[in-house]
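Peer 1: I need the structure of the sequence given here:
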Amino acid sequence: MTNTTHHAECTAATLYVAVELATKEWGLTCSSGPGSARVRVRVAPGDQPALVQALEAVKQRLGVPRAAPVRSCHEAGREGFWPHRLLTRLGVTNLGVDSSSIEVPRRARRAKTDRVDGEKLLRLLVRYWSGEHDCWHVVQVPAPAVEDARHASRSVTTLQQERTRYRNRIHSLLALHGVAKLRLDERLPERLRGARDWAGEPLGEGLQARVLETWRVLQAVERERRARGRAERARVKTATTPTDAIAQQLTRLAGVAARAATILADELFTRALRNRRQVGALTGLVSAPYQSGDTRYDQGLTRSGLPAIRRLAVQLAWGGLRYQPLSALSQWYRRRFGASSAGQRRLGIVALARRLMIALWRYVSTGLVPEGARLKA
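Peer 2: From the prediction side, this is the model:
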């Protein structure tokens, strides 16, 4: 029934457009269906009047009625979601596609041009609307409010990374001259003047100036990071939005702090996840089996999805062994990997992290507390 419906929709009068996004111009490869002529036009990025005019001209050239629907696609990338929202505003049914899911030839050397890419996208678009929905992966576009709310959490993550970056730079500069690590607090200028290099000589003025310059930037990052952290904890405590309510619910579990709960709520649990397989795929904590004839082995993790969630899941799994020792997940890990080698325990923690993410997804979606988990007072 579904395939028949999609086939009827595909053969109806429709304009299919594959959009190649670029910094200077957008390339549109257009067609009215399988086997029909191709029309290629170029417009300036985001130029709405030019897009409308180009689509009308292409419809007239291909003999498509002016009232016919327009279905387009583009590769999701650096531009984010605004091209999708722009095309949707113009009445176009658009699909943002994961570029890594697009099938390509397996030859060592293959032709790659804008013309070839446009033709490929157009053929896959027609196949998709013919009912072959597994020919690629369509990216889910969040609501503008949900996307905007993620910036607060991502800002804290960026500040933490910058903090580590500047601290490591200072320690590396000192290590170049044989100086032991100095405490990076308000008294660093005083400690720097009294520090000695490998030969017992005072540090050069150029080195001290560069270290102090980096230290001042580090202090600014630290102040902003602390302020953002306080605001994040206050937001989780008040829970004025649905996303903050999910984060607040996660913080009721022992071993889950406001930072981890906010990342999970913003990046994982606000998406329309329907089953545990989607949770595992989005975290990248699933294996990639290889089966060909009698040859069967595991290629390791797919490492797809969100790297930040994957790292956090492993950290929460290690923390769960400490703060949730009586939970069913912790007991399963100790029975399975407790007596194994260090390498096997590291492999087991990945399996535990996947199970933990699925358990937390069920907890926030249905309210089912993980078996044996301890809640905070």
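
Peer 1: Do I have it right that Gln140 meets Arg274?
Peer 2: No: using C-beta atoms under 8 Å, Gln140 is not in contact with Arg274; the gap is 11.1 Å. All C-beta atoms are positioned from the backbone trio N, CA, C, and that covers glycine.

Peer 1: any chance you could map the strands in this structure?
Peer 2: Along the chain, counting by DSSP state E, strands occupy 15-20, 26-31, 39-43, 70-76, 93-98, 287-292, 295-301.

Peer 1: Can you say which of those is nearest to Asp266?
Peer 2: With C-beta to C-beta as the measure, strand 70-76 is the member of the strands of the chain nearest Asp266 (18.5 Å).

Peer 1: so for that closest one, what's the average pLDDT?
Peer 2: For strand 70-76, the per-residue pLDDT values average out at 95.

Peer 1: oh, and call the first residue 50 from now on, that's how I've got it
Peer 2: All set: I'll call the first residue 50, so the last point we hit is now strand 119-125.

Peer 1: who does it pair up with?
Peer 2: strand 64-69 (parallel), strand 142-147 (parallel) (DSSP bridges).

Peer 1: can you list those strands in TSV and add mean pLDDT?
Peer 2: As requested, these are exported to TSV (pLDDT from 0 to 100):
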stretch	mean pLDDT
strand 64-69	96
strand 142-147	95
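
Peer 1: still on that earlier bit, now for Gln189 and Arg323: what residues contact both?
Peer 2: Counting by C-beta atoms under 8 Å, 6 or more residues apart in numbering, no residue touches both Gln189 and Arg323.

Peer 1: a markdown table for the strands of the chain, including mean neighbour count?
Peer 2: Shown next, in a markdown table, are the strands of the chain (neighbours: other C-beta atoms under 10 Å):
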| stretch | mean neighbour count |
| --- | --- |
| strand 64-69 | 24 |
| strand 75-80 | 22 |
| strand 88-92 | 17 |
| strand 119-125 | 22 |
| strand 142-147 | 19 |
| strand 336-341 | 10 |
| strand 344-350 | 10 |
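
Peer 1: ok so, going back, I'd like the strands paired with strand 119-125 as TSV, with distance to Val153 appended.
Peer 2: Listed next are the strands paired with strand 119-125 as TSV, based on distance: least, C-beta to C-beta, whole Å:
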stretch	distance to Val153
strand 64-69	15
strand 142-147	13
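
Peer 1: Please name the nearest non-neighbouring residue to Ala306.
Peer 2: Excluding the flanking residues, the one nearest Ala306 by C-beta to C-beta, 6 or more residues apart in numbering is Thr300, at 6.9 Å.

Peer 1: Verify the contact between the one you found and Leu313 for me.
Peer 2: No: if you go by C-beta under 8 Å, Thr300 and Leu313 don't touch, sitting 10.3 Å apart.

Peer 1: who has more neighbours, these two?
Peer 2: Higher neighbour count among Thr300 and Leu313: Leu313, with 25 against 21, using other C-beta atoms under 10 Å.

Peer 1: For Val228, see how far away the more buried one is.
Peer 2: Separation of Leu313 from Val228 (C-beta to C-beta, to the nearest Å) stands at 40 Å.

Peer 1: Geometric centre of this structure: which residue is closest?
Peer 2: Central residue of the chain (C-alpha atoms, centre = their mean): Leu355, 4.0 Å from the mean position.

Peer 1: Neighbours of the spatially closest residue to Ile295 that is not a sequence neighbour, how many?
Peer 2: Spatial nearest neighbour of Ile295, excluding adjacent residues (C-beta to C-beta, 6+ apart): Ala314 at 4.1 Å. Ala314 is flanked by 26 other residues according to other C-beta under 10 Å.

Peer 1: ok now do Ala314, which residues does it touch?
Peer 2: Per C-beta under 8 Å, 6+ apart, neighbours of Ala314: Thr292, Asp293, Ile295, Ala296, Leu299, Val413.

Peer 1: again, only using 10 Å
Peer 2: 198-199, 202, 285, 290-300, 413 (C-beta atoms under 10 Å, 6 or more residues apart in numbering).
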